[in-house]
Each structure stands twice: as structure tokens, then as C-alpha cells.
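*Asks:* Turn this into a model:
(one chain, ligands or ions: 2)
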Amino acid sequence: MSEALQLPVIDLSSDDRLSTAKSIRQACLDLGFFYLVNHGVEEELIKKVLEHSKKFFTLPVEEKIKFAVKNHRGYTGLYDEKLDTSLNAAIGDAKESFYIGTFAENHLNQWPSEEDMPSWRSTMEAYYKKVLSAGMKLISLISLALNLDEDFFQKSGALSEPMAFLRLIHYPGGVDSSRDGVYGASAHSDYGMVTLLLTDGVPGLQACSFYNSNPLTFAFSIPTCFHLRHRQVCREKSEQQKVWEDVPSISGAFIVNIGDMMERWTNCLFRSTIHRVMPTGQERYSVAFFLEPNKDCIVECLETCCSESCPPRFPPIRSSDYLEERFRLASTASAENHRINI
Ligand SMILES: O=C(O)CCC(=O)C(=O)O
Ligand SMILES: [Fe+2]
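*Replies:* Ligands and ions are numbered 1, 2, ... in the order given. As a prediction, the model looks like this:
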């Protein structure tokens, strides 16, 4: 049985930026998940985005596949994707989704027409801009949390035309976890800097942590440069007992989690925690905003996150190369899936 997590709540509008940065640092050392409130995205807009998302997914499948994903933008169908690339299960994740990419390349985005879906595009564009602005503010606090100047990621170019993706997700009802190997979203970590997630309040999201019964084994399993913590995330998988804990939604708050590129930047100090969505039998909608750095940005260990005794764990990598590879692996997993299903 899973327990519910009590995550810290970060107030984006607080004037006490240093204390907010301190709380963010602790949250990112602990599990890499927290709630974000007073983020500046109006309740009304959030409501509209969820309503418009529902309208799209309610269309007949023949209509939806007219927007079949191209250039990582558009519609992905039920069972088309398998986020856990290590899973052998012959079935993909029980969800459908719609991706919207950066407006710097808006010609690549696919939009339902204004006639068919009045104000759909403008709602999504407004939401994208607002969450991007919240994300940028959050990144400046994350910079402070890493003992960097607050405009570090702006100055490094990571946030000029960031490759942010908005993803509308629909988990259909009637699917439950009693069917072996069926997940809403199978276990994965996100790829980018941070993810700002909105849900309709239906449960299902879980984050993975582990508790170690043997502190000695634990002490030798993590790099000595990091604090020993009672609870650690799942990346060091061996010998620890995995615990999946529910991440409940709080009305009006974003659920934020750290992505893999931020983990690489911070040399694993900030953790990109594995999470999943379990099907509960109930229909569920969520909207994920993945804030990825500019495509030419080189992601490499930050000076404040390494030392002689704690050298960089990853080589530098160009952001778009990293992202393309992760997309490729996820789509290979789903292609294999289809072959198995035929
Ligand atoms: O729908 C959710 O609650 C989470 C989705 C997610 O983790 C993802 O798409 O990366
Ligand atoms: Fe995710």
C-alpha cells in the first residue's frame, strides 16, 4: 500500500527570496518534488485549459489522429507510448496526449481550427506563456538555491527560447491497476529542468523513494560527497526497498518536480525522482509543462556542485541531443510495443 507524501509548499510571490530559495534547496535535496503556489496563473485560465483539453479528447479518434504527432507536436493515442523503457510489458501506457511546443517554432505546432474549437488555441497559448513566466521565476530561485546568481540560467542562454513543451494528458476511466503491467504513465523521470504539473484532482500520481533498513549498505551505495539522508530517491536502486508514495494534488497549486538535465547540472545534488501514474479506474486529466533549456545549451556540471572529492558524474551534453535521444528511446519502446501487439 502506498502512503501520501507531505510535500513542501513554495510561495513564488514571497518577498523573502533567500528563505524561499532555502526551502527549494531542501525540497530538491529531499525528493525533488514540491507544490508551487501564488504562481500567477489565474484560476479561471486553469479551469479553461482543463475544459478545452477535455473537449479535444472527447472528439472521435478519427478526428484526433488528424493531429498525429509530428516533430514531437500533436496527438499521441492510447497505448502509443511507454515511458518506462525497461518494461517488457506488451502494452503501452493507458493515456492519450497532445503536445504543444515552443512558439519560437510555432509553425511546427498543430492546432484545431478556430471554427471547430473556438478559443482553443488562444487558451493554450495564454496558458503556455503564463506557465513559462512562472517557470522562469522559479528557475531564478533555483539558481539562488544552488548558490548561483539569480540570473545564472538566463545569462548562460539556457532560458533564451527554452524548448518548453505543454502536454495535455487524458487517462481514460475503466482502466485499473489490477491488470498486470498497465500503468497510466509507467515509471520515469522527466527529461528537462523542471516540470510544472496541473491535475484535475483525481489521484494516481506517485513518486518513488526508498527506505534502507541497513544504514551500512546505504552509506556505501551513494557518493560520499552527498549527505546521508534517511530517505533517498530511487536512482540508486540496488538493495533498497522501493516505496511508492501518492502525490496528492492541491487545488490551484502546481506540482513541481526536477528533471534529468537539472540533475546533470547539479551533479545529482538535486534529484530527478522517478514517478508514475497508476490507473485507479477513474478518468483523469492533467497538464504537464516541461521546461527544457534552449536547444544549443550545453548542460554541464555547475561549479557549485562539484569539487575535487566530488567530480562531475556526467560529461557535458547539448540539450537538444540529450532530449532527442530520450524521445527516441521512448518512441522505440512504443514501436516495439506495437510490433508485439500486432
Ligand atoms: O499526469 C500526471 O500526473 C503526470 C504525468 C507525467 O509524469 C509525465 O507526463 O511526465
Ligand atoms: Fe513525468
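
*Asks:* Closest residue of the chain to ligand 1?
*Replies:* Nearest residue of the chain to ligand 1, counting by Cβ to the nearest ligand atom: Ser286, 3.4 Å away. Heads up, the C-betas are built off the backbone N, CA and C, glycines and all.

*Asks:* Per-residue confidence at that residue, what does it come out as?
*Replies:* Reported pLDDT at Ser286 in the predicted model: 98.

*Asks:* try the one 3 residues further on
*Replies:* Confidence per residue is given as pLDDT, and for Phe289 that number is 98.

*Asks:* Please apply the same query to Ser319.
*Replies:* 96.

*Asks:* ok so, going back, so who does the residue lying closest to the residue of the chain closest to ligand 1 once chain neighbours are set aside touch?
*Replies:* Excluding the flanking residues, the one nearest Ser286 by Cβ to Cβ, 6 or more residues apart in numbering is Thr199, at 4.3 Å. Contacts of Thr199 were listed using Cβ atoms under 8 Å, 6 or more residues apart in numbering, and they are 205, 249, 255, 284-287.

*Asks:* change it to 10 Å
*Replies:* By Cβ atoms under 10 Å, 6 or more residues apart in numbering, the residues touching Thr199 are 50, 169, 205, 247-251, 254-255, 277, 284-288.

*Asks:* distance of it from Leu12?
*Replies:* 18 Å (Cβ to Cβ, to the nearest Å).

*Asks:* partners of Val9 in the sheet?
*Replies:* The residues listed as beta-bridge partners of Val9 by DSSP bridges are Tyr35.

*Asks:* who's in contact with Leu36?
*Replies:* 9-12, 24, 134-135, 137-138, 141, 194, 196-197, 250, 253-256.

*Asks:* any idea how far the residue nearest to Ser286 lies from Ala207?
*Replies:* Counting by Cβ to Cβ, the gap from Thr199 to Ala207 is 14 Å.

*Asks:* what touches both of these two?
*Replies:* 247, 255.

*Asks:* Sketch out the low-pLDDT regions of this protein for me.
*Replies:* Low-confidence segments of the chain (pLDDT under 70): 1-2, 88-90, 176-180, 211-240, 331-342.

*Asks:* need the longest helix for it.
*Replies:* helix 120-145 (DSSP state H).

*Asks:* what comes up buried for that helix?
*Replies:* 120-121, 123-128, 130-132, 134-135, 137-145 (16 or more other Cβ atoms under 10 Å).

*Asks:* Buried by neighbour count: which residues of the helix or strand just after it qualify?
*Replies:* Beyond helix 120-145 on the C-terminal side, the first helix or strand identified by DSSP states H and E is helix 152-155. The neighbour-count check on helix 152-155 (16+ other Cβ under 10 Å) flags 152-153 as buried.

*Asks:* ok, back up a step: show me how far the longest helix of the chain is from its chain's centre.
*Replies:* The chain centre lies 14 Å from the centre of helix 120-145; the measure is Cα atoms, centre = their mean, to the nearest Å.

*Asks:* how about stretch 70-78 as CSV, C-alpha atoms only?
*Replies:* This file holds the C-alpha atoms of stretch 70-78, laid out as CSV (Å, rounded to 0.1, in the frame of the first residue of the first chain):
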residue,chain,number,x,y,z
LYS,A,70,5.0,15.2,-35.9
ASN,A,71,8.2,16.9,-34.7
HIS,A,72,7.1,16.0,-31.2
ARG,A,73,4.0,18.1,-31.5
GLY,A,74,0.4,16.9,-31.7
TYR,A,75,-1.6,13.9,-30.7
THR,A,76,-0.4,10.6,-29.3
GLY,A,77,-3.0,7.9,-28.9
LEU,A,78,-3.9,5.4,-26.2
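
*Asks:* Now that stretch: buried residues?
*Replies:* So for stretch 70-78, counting by 16+ other Cβ under 10 Å, buried means 72-78.

*Asks:* Repeat that for stretch 145-163.
*Replies:* So for stretch 145-163, counting by 16+ other Cβ under 10 Å, buried means 145-146, 148, 150, 152-153, 156, 158-159, 162-163.

*Asks:* Could you show which parts of the stretch 201-342 of the chain are in contact with ligand 1?
*Replies:* 205, 275, 277, 286, 288 (Cβ under 6 Å from any ligand atom).

*Asks:* hmm, try it at 5 Å
*Replies:* By the rule Cβ under 5 Å from any ligand atom, the part of the stretch 201-342 of the chain lying against ligand 1 is 205, 277, 286, 288.

*Asks:* List only those of the residues you listed flagged as buried.
*Replies:* Buried among those (16+ other Cβ under 10 Å): 205, 277, 286, 288.
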